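Trainee: Sequence and predicted model, in that order:
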Amino acid sequence: MYETFIQSFRPLVPLLKEAADELTPERAFHIQLLLIHFYRRVVLKDPLLPEELLPAHWAGHTARQLCINIYQRVAPAALAFVSEKGETSVGELPAPGSLYFQRFGGLNIEQEAFMPIYQIDGLTPVVPEESFVHPTAVLIGDVILGKGVYVGPNASLRGDFGRIVVKDGANIQDNCVMHGFPEQDTVVGEDDILVIALSFTAALSAAMH
């Protein structure tokens, strides 16, 4: 089982290295599709014996590592192809979730490129690496996140009229809506800045203006 998979896909490894310029997004998608299809066919027939019962230099380990190596090499271009060409019944495909980037030990893709952040009036949300923004959340305009901030599913932070600053460790939970306005009675902090304090938690479905 695994030997056939290895024989079929091992020749791809040097080709992907030597002809990297020939790896178009569409070709990368085709390779990824076939790779996972055939690897799953093999895995489904695996009796999944305990590690101690497997022979030395078991082909299953080699096949998995081969699959990982090829998948990690083609995944960025394949994702770009799907993101550009794919759609749902209601429009564009949603951004991939965080679990996607953890496949096969982690994918070398700039996750920030798929974050739901939008520029407005020349202002782009600032999201440090230490913070997490769920793919279904939305950050718009003048929004600045501190370190270790969590923004949950379907949360919306709109910095289109006033700045929103979320301090380190704050927790913006599911469905929260935050809208910064320049009016004095709608802000906490200085000038037109809505400040979410250190380690602050906005509860589920909260609305703050």
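Mentor: Received it, and whenever you're ready, just let me know what you need. Numbering: from 1, shown residues only.

Trainee: Output the longest helix belonging to this structure.
Mentor: What stands out as the longest helix in the chain, according to DSSP state H, is helix 59-85.

Trainee: Show me what that helix packs onto, helices and strands only.
Mentor: In this structure, helix 59-85 makes packing contacts with helix 2-9, helix 12-18, helix 25-44, judged by 3 or more C-beta pairs under 8 Å, 6 or more residues apart in numbering; DSSP states H and E. Using the backbone N, CA and C atoms, a C-beta is placed for each residue, glycine as well.

Trainee: a markdown table please, covering those and showing mean neighbour count and distance to residue 60.
Mentor: Shown next, in a markdown table, are these (neighbours: other C-beta atoms under 10 Å; distance: least, C-beta to C-beta, whole Å):
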| stretch | mean neighbour count | distance to residue 60 |
| --- | --- | --- |
| helix 2-9 | 16 | 5 |
| helix 12-18 | 12 | 18 |
| helix 25-44 | 16 | 8 |
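
Trainee: could these go into a markdown table alongside mean pLDDT and distance to residue 55?
Mentor: Rendered in a markdown table, the data for those read as follows (pLDDT from 0 to 100; distance: least, C-beta to C-beta, whole Å):
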| stretch | mean pLDDT | distance to residue 55 |
| --- | --- | --- |
| helix 2-9 | 95 | 12 |
| helix 12-18 | 91 | 24 |
| helix 25-44 | 94 | 17 |
